[in-house]
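Peer 1: All I have is the shape, not the residue letters:
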């Protein structure tokens, strides 16, 4: 599970949502996770925006050179749960690659390729 967005960057405001990447195994029910998220939203009075992906789908997205999750993570993230340690390493490598080859335009919140 990975936290990203304004909360991970320590820029959250009163009504900021909680952006999470939740990696599931094959066969794990997305509906059950969404039901748990809904219960947490009610309990903590906070909007939670989950991105639920299989490990393979997350890796495909991270490898993509186009717009994707990796660019949002490059602004800042925190790995909350990583049972094998592999997720954190992959995310760190990919976000470092983006930071080396791109420039972040703060006002537009956009990564552009450095020249």
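Peer 2: Okay, I see it. All values derive from a computational prediction rather than experimental measurement.
Peer 1: Show me what the host helix or strand of residue 58 is packed up against.
Peer 2: Element membership for residue 58, per DSSP states H and E: helix 55-63. Counting contacts by 3 or more C-beta pairs under 8 Å, 6 or more residues apart in numbering; DSSP states H and E, helix 55-63 packs against strand 18-24, helix 69-74, helix 86-101. In this view, the C-beta of every residue, glycine as well, is placed from N, C-alpha and C.
Peer 1: contacts for that helix?
Peer 2: Identification of contacts with helix 55-63 by C-beta atoms under 8 Å, 6 or more residues apart in numbering yields 21, 23, 25, 53, 68, 69, 70, 87, 90, 91, 94.
Peer 1: can you pull the contacts of the fifth one?
Peer 2: Residue 68 makes contacts with 61, 62, as judged by C-beta under 8 Å, 6+ apart.
Peer 1: next one: the first one
Peer 2: The contact partners of residue 21, by C-beta under 8 Å, 6+ apart, come to 1, 2, 4, 50, 51, 53, 58, 69.
Peer 1: Now do the last one: how many residues are near it, please.
Peer 2: So the one you mean is residue 69. 20 (other C-beta atoms under 10 Å).
Peer 1: Kindly give the local confidence score, pLDDT, for the closest residue to it other than its chain neighbours.
Peer 2: Counting by C-beta to C-beta, 6 or more residues apart in numbering, residue 61 is the residue found nearest to residue 69 once chain neighbours are left out, at 4.9 Å. With respect to pLDDT, residue 61 scores 90.
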